[in-house]
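3D, please:
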Amino acid sequence: MSVKRFLALGLLSSAAFIGCPNPTSEDKDMGFPTDAADAGPSDLGPGDAGPLAVITDPVLPESLSISEGETRRFSIYLSRAPERDLPATLSVSSTAALSVDITAHTFTAANYATPVLVSFSAPDDDDAVDTMASLTITVQGFAPRTYEILIADNDVLAIVTSTGAVALDEGTTATITVALLAQPTSSVSVSILSSDLGAAVPVPGTLVFGPRDWRGPKPLRVEALADRDVRDEALRFDLTAAGCPRPRCAWRCGTTTRSASSSRRPRSASARARRSRSASPSITSRATRWTSR
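Predicted coordinates for the structure are as follows:
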């Protein structure tokens with residue numbers, strides 16, 4: 001069988017040879033193949049006759065991707081019994097980005113055909129950045145095989161607040177909190193702009209979140225300003241974060257200020273007195289996550 005034929009069969013197989021061992025004088029005496037042309041097809045199952053080879057099932061591409069929090073599994077075994085014990089190791093380039101549940105195993109003449117189930121996973125982290133890591137399988141006498149793995153982050157750097165709408169009377173204040181959903185890689189400044197500075201203003205106008213203090217919600221005070229008219233006013237606060245790695249993080253908060261004077265004037269002095277006694281500051285809100293524009 002030619003080398004080309006051997007490789008073509010490997011691509012179609014449900015299992016993949018890591019490779020045949022590099023021959024040494026000792027290996028030749030133990031029956032290890034010395035030429036790839038002598039190797040059999042890669043669809044051999046455990047215990048089938050043929051050259052000694054390491055097999056992974058299913059096939060692992062040299063480059064693959066998984067999502068943060070996801071776990072993948074594959075089996076590894078030998079195509080036939082080895083003449084001597086073969087230690088195997090599995091390692092990752094970054095334990096913070098990728099973990100593997102089995103790091104060492106020894107193949108023997110007794111267990112060579114028993115598939116060893118290996119699980120590797122990408123743990124959740126706080127940031128919203130995709131990362132690269134690698135998984136390397138090394139079996140004594142074989143060339144190591146390294147798989148490059150792209151880890152897609154499942155977090156989104158976004159602005160969230162304790163409420164999505166506020167209603168308050170002129171001359172009163174309300175406090176909401178602002179936070180980030182994920183850890184930024186650098187400081188993120190969230191700017192708060194009022195659509196009507198004559199009706200309500202945010203205090204402060206900017207909130208800064210850093211990689212170390214991003215978890216704690218920060219207070220934002222909404223101040224409704226008194227005016228001389230009798231009209232209620234609706235406005236919005238725009239929160240933007242120029243430091244977001246995404247194209248843009250922008251959220252809106254709806255704010256309604258109720259005039260201290262009614263648009264329907266009281267008909268009598270007693271009615272005006274009753275209104276004055278009941279005009280205490282009030283805040284109503286509905287908890288919701290703001291949605292991006």
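
look up the closest residue to Asp125, ignoring the ones flanking it.
Spatially, and ignoring its direct neighbours in sequence, Asp125 is nearest to Glu68 (6.9 Å; Cβ to Cβ, 6 or more residues apart in numbering). For every residue, glycine as well, the C-beta is placed using N, CA and C.

where does the stretch 1-150 of the chain dip in pLDDT?
1-50 (pLDDT under 70).

now the strands for it?
Using DSSP state E, counting those that start in this stretch, the strands found in the stretch 1-150 of the chain span residues 16-17, 54-57, 63-67, 71-78, 86-92, 99-100, 104-107, 116-121, 131-139, 145-152.

pipe these into JSON lines and attach mean neighbour count per row.
Listed next are the strands of the stretch 1-150 of the chain as JSON lines, based on neighbours: other Cβ atoms under 10 Å:
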{"stretch": "strand 16-17", "mean neighbour count": "23"}
{"stretch": "strand 54-57", "mean neighbour count": "21"}
{"stretch": "strand 63-67", "mean neighbour count": "13"}
{"stretch": "strand 71-78", "mean neighbour count": "17"}
{"stretch": "strand 86-92", "mean neighbour count": "17"}
{"stretch": "strand 99-100", "mean neighbour count": "16"}
{"stretch": "strand 104-107", "mean neighbour count": "15"}
{"stretch": "strand 116-121", "mean neighbour count": "16"}
{"stretch": "strand 131-139", "mean neighbour count": "18"}
{"stretch": "strand 145-152", "mean neighbour count": "17"}
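
switch those strands over to TSV; also include distance to Pro202.
Below are the strands of the stretch 1-150 of the chain laid out as TSV (distance: least, Cβ to Cβ, whole Å):
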stretch	distance to Pro202
strand 16-17	59
strand 54-57	57
strand 63-67	37
strand 71-78	44
strand 86-92	46
strand 99-100	43
strand 104-107	58
strand 116-121	42
strand 131-139	36
strand 145-152	35
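
out of these, flag the one nearest Ser189.
strand 131-139 (25.2 Å; Cβ to Cβ).

give the pairing partners of that closest one; include direction for each.
Sheet pairing for strand 131-139, assigned by DSSP bridges, gives strand 86-92 (antiparallel), strand 145-152 (antiparallel).

how about the strands of the stretch 1-150 of the chain, which one is nearest Arg212?
Closest to Arg212 of those, according to Cβ to Cβ: strand 131-139, at 19.7 Å.

next, the angle from that closest one to strand 63-67.
120 degrees (axes from the mean of the first three to the mean of the last three Cα atoms, to 10 degrees).

now strand 131-139 against strand 71-78, angle please.
20 degrees.

CA atoms only: put strand 131-139 into PDB for me.
Output in PDB follows, covering the C-alpha atoms of strand 131-139 (Å, rounded to 0.1, in the frame of the first residue of the first chain):
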ATOM      1  CA  THR A 131      -8.400  32.900  23.900                       C
ATOM      2  CA  MET A 132      -6.100  30.300  22.300                       C
ATOM      3  CA  ALA A 133      -4.800  27.200  24.000                       C
ATOM      4  CA  SER A 134      -3.300  23.900  22.900                       C
ATOM      5  CA  LEU A 135      -3.700  20.200  23.900                       C
ATOM      6  CA  THR A 136      -0.700  17.900  23.300                       C
ATOM      7  CA  ILE A 137      -0.800  14.100  23.400                       C
ATOM      8  CA  THR A 138       2.600  12.400  23.800                       C
ATOM      9  CA  VAL A 139       3.100   8.600  23.700                       C
END
